[in-house]
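Undergrad: Model the structure of this input:
(4 chains)
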Number of protein chains: 2
Amino acid sequence: MARQARALATRQAVLVAAAEVFDERGYAAATMSEILDRAGVTKGALYFHFRSKEELALAVIEGQGVFISGWTPASDSPVQNLIDLGYAFARALQTDPLVRGSIRLTIEHGSFTQPQLAAYQGWMDTVRELLEHAREAGDLHPGVDLTAAAGVITGAVTGIQLSSQVLADRQDLVQRLSDLWTLLLPGLVQPHALARLSVAERA
Amino acid sequence: MARQARALATRQAVLVAAAEVFDERGYAAATMSEILDRAGVTKGALYFHFRSKEELALAVIEGQGVFISGWTPASDSPVQNLIDLGYAFARALQTDPLVRGSIRLTIEHGSFTQPQLAAYQGWMDTVRELLEHAREAGDLHPGVDLTAAAGVITGAVTGIQLSSQVLADRQDLVQRLSDLWTLLLPGLVQPHALARLSVAERA
DNA sequence: TAGGATGCCTACTGGACGGTATGCGTCCGC
DNA sequence: GCGGACGCATACCGTCCAGTAGGCATCCTA
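TA: The predicted structure is shown next:
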């Protein structure tokens, strides 16, 4: 058991190091050597836990799923939950290497075709669900197409995140998210619901 | 002169092939061999025109600048021009390999650090300028922060484009842009200006 | 029509990369 | 207290890749 704990620790070290390198360099430019160095592990250890570079990348992408499933809505307002989810995601991007890495791998299409489609779809489904609840609560404008709105929101958040990463190393991500909601909410929710929302980040 | 024309043709063939491969595979995963094959050119020819892979990539990125400088506003409404610019960009993404390739290289940070920053900034400046004109025309809500709005719009368009690429090979890009404006404009422009705008694509 | 420049071709090189083979220490079950 | 599995270390291999060297044809100029 103590032995297994040690194994789990090296596996985790490899996973985190891989996520970091994938995040910084992308899949193709990331080298196993750098992952090895950063994890403080040898090749044999790595290939004992992961059979190939691709399997390692897929394992990193799983980290994203963990984040989604670990998040629970805190408010009774669906739209507020949507906003909060965005900020939770932003914070995870700033702190959790696994989320950072999985995002880059997800955005980088072509390396492996299926998983990132599923990841995108997962986010869109979550957003769509929150929007449906908002509609039932009577918060949304009547004309809003929920599927279209879910696509716009996920896409916009993705892009905001990306431009923030390129321009400011994600330092201003929270501010930019707040800007996004300020512009987006008037076209989405009705005035009476809008008044009850907090656009800024909430603890 | 006839000789120079031939040289120019091979240079262009290399550039287009490189843009395609960079678009499909990304910088690191793109190989010179594939570019060579697709261009129908030998290594010597390529390295006569471009001294390295990186220089080739930078040349592809230039194509984006050509697109920006080649576009001219057609409407007397600044916001309408903003919308139209988005659609022009979308069309270019669907048809022009150089624009496609340069976008992927721009989004893919880390390979070379400076140029994509400039590209982003160029877009944001253009958007900001149009927003300033819109403010002078009295079309915008008074409270709108122009810099923040420009950041949100460029980021959102980037993300919309990306998710459309991953999910639908950019087939639904125009539709998604229309969805974006539908949600975004109410928070940006005043009702009287909103009524005069055409959210859909215009010929 | 000589001769240099332009534009391109082919064969090659050195290095890095992902992955493997094999071996060795350590701990756990019996 | 011992045998086997677990967990890892190291040396190595084949492949592929960006880039180079040097030659050669075609054209432009004089």
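Undergrad: what about A:Phe67, distance to A:His109?
TA: A:Phe67 sits at a distance of 20 Å from A:His109 (criterion: CB to CB, to the nearest Å). (C-beta placed from N, C-alpha, C; glycine too.)
Undergrad: more crowded one of these two?
TA: Between A:Phe67 and A:His109, A:His109 has the larger neighbour count (other CB atoms under 10 Å in any protein chain shown), namely 20 against 16.
Undergrad: Give the helix, strand or coil label for that one.
TA: What DSSP: H, G, I helix; E, B strand; the rest coil gives for A:His109 is coil.
Undergrad: doesn't B:Gln165 make contact with it?
TA: Yes. Using CB atoms under 8 Å, A:His109 is in contact with B:Gln165, at 7.1 Å.
Undergrad: Now do the same for A:Phe48: its pLDDT.
TA: For A:Phe48, the pLDDT comes out at 96.
Undergrad: Ok, A:Ala119 next?
TA: 77.
Undergrad: Verify the stated contact: it with A:Glu62.
TA: No. At 10.0 Å, A:Ala119 does not count as touching A:Glu62 under the criterion of CB under 8 Å.
Undergrad: Can you check which residues contact both of the two?
TA: The contact sets of A:Ala119 and A:Glu62 overlap at A:Ser102 (CB atoms under 8 Å, 6 or more residues apart in numbering or on different chains).
Undergrad: So those two - more neighbours on which side?
TA: More neighbours surround A:Ala119 than the other of A:Ala119 and A:Glu62, with 21 against 13 (other CB under 10 Å).
Undergrad: Report the contact partners of the more buried one.
TA: A:Ile61, A:Gln64, A:Gly65, A:Ser102, A:Thr106.
Undergrad: Report the next helix or strand after the helix or strand containing A:Leu105 in sequence order.
TA: Using DSSP states H and E, A:Leu105 maps to helix A:97-107. Per DSSP H and E, the first helix or strand lying C-terminal to helix A:97-107 is helix A:114-136.
Undergrad: where in chain A is pLDDT low?
TA: Residues of chain A that meet the criterion pLDDT under 70 lie in A:1-3, A:110-116.
Undergrad: again, only using 80
TA: Residue ranges of chain A with pLDDT under 80: A:1-6, A:63-69, A:109-119, A:203.
Undergrad: got the residues of it near DNA strand D?
TA: By CB under 7 Å from any atom of the strand, the residues of chain A that approach DNA strand D are A:3-4, A:6-7, A:9-11, A:41-45, A:47-49.
Undergrad: List only those of those flagged as buried.
TA: Buried positions within these, assessed by neighbour count (16 or more other CB atoms under 10 Å in any protein chain shown), are A:Thr10, A:Arg11, A:Val41, A:Ala45, A:His49.
Undergrad: Distance to B:Gly155 and secondary structure added to those residues, as CSV?
TA: Formatted as CSV, these follow (distance: CB to CB, whole Å; DSSP: H, G, I helix; E, B strand; the rest coil):
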residue, distance to B:Gly155, secondary structure
A:Thr10, 38, helix
A:Arg11, 36, helix
A:Val41, 37, coil
A:Ala45, 40, helix
A:His49, 37, helix
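Undergrad: List the buried residues of stretch A:23-33.
TA: For stretch A:23-33, burial by neighbour count (16+ other CB under 10 Å) applies to A:Asp23, A:Glu24, A:Arg25, A:Gly26, A:Tyr27, A:Ala28, A:Ala29, A:Ala30, A:Met32.
Undergrad: One more: stretch A:168-176?
TA: Neighbour-count burial for stretch A:168-176 flags A:Arg170, A:Asp172, A:Leu173, A:Val174, A:Gln175, A:Arg176 (criterion: 16+ other CB under 10 Å).
Undergrad: Could you look up the SS state of the residue lying closest to A:Gly101 once chain neighbours are set aside?
TA: Distance criterion CB to CB, 6 or more residues apart in numbering or on different chains; nearest residue to A:Gly101, sequence neighbours excluded, is A:Ala19 at 3.1 Å. In three-state terms, and counting by three-state DSSP, A:Ala19 is helix.
Undergrad: Number of residues surrounding A:Ala19?
TA: 27.
Undergrad: Pull the contacting residues for it.
TA: So A:Ala19 contacts A:Val60, A:Gly63, A:Pro97, A:Leu98, A:Arg100, A:Gly101, A:Ser102 (CB under 8 Å, 6+ apart).
Undergrad: same thing but at 10 Å, please
TA: Counting by CB atoms under 10 Å, 6 or more residues apart in numbering or on different chains, A:Ala19 makes contact with A:35, A:56-57, A:59-61, A:63, A:96-105.
Undergrad: And the strands in chain A, which stretches?
TA: Counting by DSSP state E, chain A has no strands to list.
Undergrad: can you give me the helices in it?
TA: Under the criterion DSSP state H, chain A contains helices at A:2-25, A:32-39, A:43-49, A:53-70, A:78-95, A:97-107, A:114-136, A:146-168, A:173-184, A:191-194.
Undergrad: Name the stretch from those helices that approaches B:Val127 most closely.
TA: Among the helices of chain A, helix A:146-168 comes nearest to B:Val127, with 11.7 Å by CB to CB.
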